[in-house]
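Chemist: below is the structure, and that's it, no one-letter string:
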């Protein structure tokens, strides 16, 4: 066997090694992407769950918010500061999810599931709509337009 044949075989083995390495990296990147998406979605939903959990377990807060949540009275910026903070937390979390969706780090079906389960009923509370009208300027414009369409502004 001559040296040219040995060199050609070595080049072929090296080329196969590069292809195998690229396939391995592609699989690793795909797994990492799925992991990042799952983690992002978990962070996104955990915030709302924590906020809701706080409201449920704080009897005074739940009692204070019940008339607002049931639509028995509207939002009063001077009187309802705690409600404003909760509304802001929900809106910021919704913005986080919206921006992550736009960046491709969570899937549309995950975002829509979150909105339909956690946010949609909250967004349609008249007091939240009143709060939103006063505060929408502090949020991403594309998100604000989308929320406006949900609450029929």
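Modeler: Now that the structure is in, tell me what you want to look at. Just so it is clear, the model here is predicted, and its values are computed rather than measured.

Chemist: so how far is the top helix by length along the chain from its chain's centroid?
Modeler: In the chain, with assignment by DSSP state H, the single longest helix is helix 3-57. Using CA atoms, centre = their mean, to the nearest Å, the mean C-alpha position of helix 3-57 is found 21 Å from that of the whole chain.

Chemist: which strands or helices does it pack on?
Modeler: helix 59-69, helix 81-102, helix 108-114 (3 or more CB pairs under 8 Å, 6 or more residues apart in numbering; DSSP states H and E). In short, each C-beta sits where N, CA and C put it, glycine included.

Chemist: and the residue nearest the centre of the chain, how close does it get to residue 47?
Modeler: Nearest residue to the geometric centre of the chain (CA atoms, centre = their mean): residue 97, 2.1 Å. Residue 97 is 9 Å from residue 47, where distance means CB to CB, to the nearest Å.

Chemist: repeat that for residue 107.
Modeler: Taking CB to CB, one finds residue 107 at 18 Å from residue 47.

Chemist: out of the two, which sits in the more crowded spot?
Modeler: residue 47 (17 against 13; other CB atoms under 10 Å).

Chemist: tell me the buried residues in the helix or strand of the chain with the lowest mean pLDDT?
Modeler: Every helix and strand of the chain was ranked by mean pLDDT, DSSP states H and E. The lowest is helix 120-123, at a mean of 77. Under the neighbour-count criterion of 16 or more other CB atoms under 10 Å, helix 120-123 has 122, 123 buried.

Chemist: packing partners of it?
Modeler: Using 3+ CB pairs under 8 Å, 6+ apart as the contact test, the elements touching helix 120-123 are helix 126-135, helix 141-150.

Chemist: for these, which one sits closest to residue 16?
Modeler: helix 141-150 (47.5 Å; CB to CB).

Chemist: excluding its backbone neighbours, what's nearest residue 72?
Modeler: Sequence neighbours aside, residue 66 is the residue nearest to residue 72 in space, at 7.9 Å (criterion: CB to CB, 6 or more residues apart in numbering).
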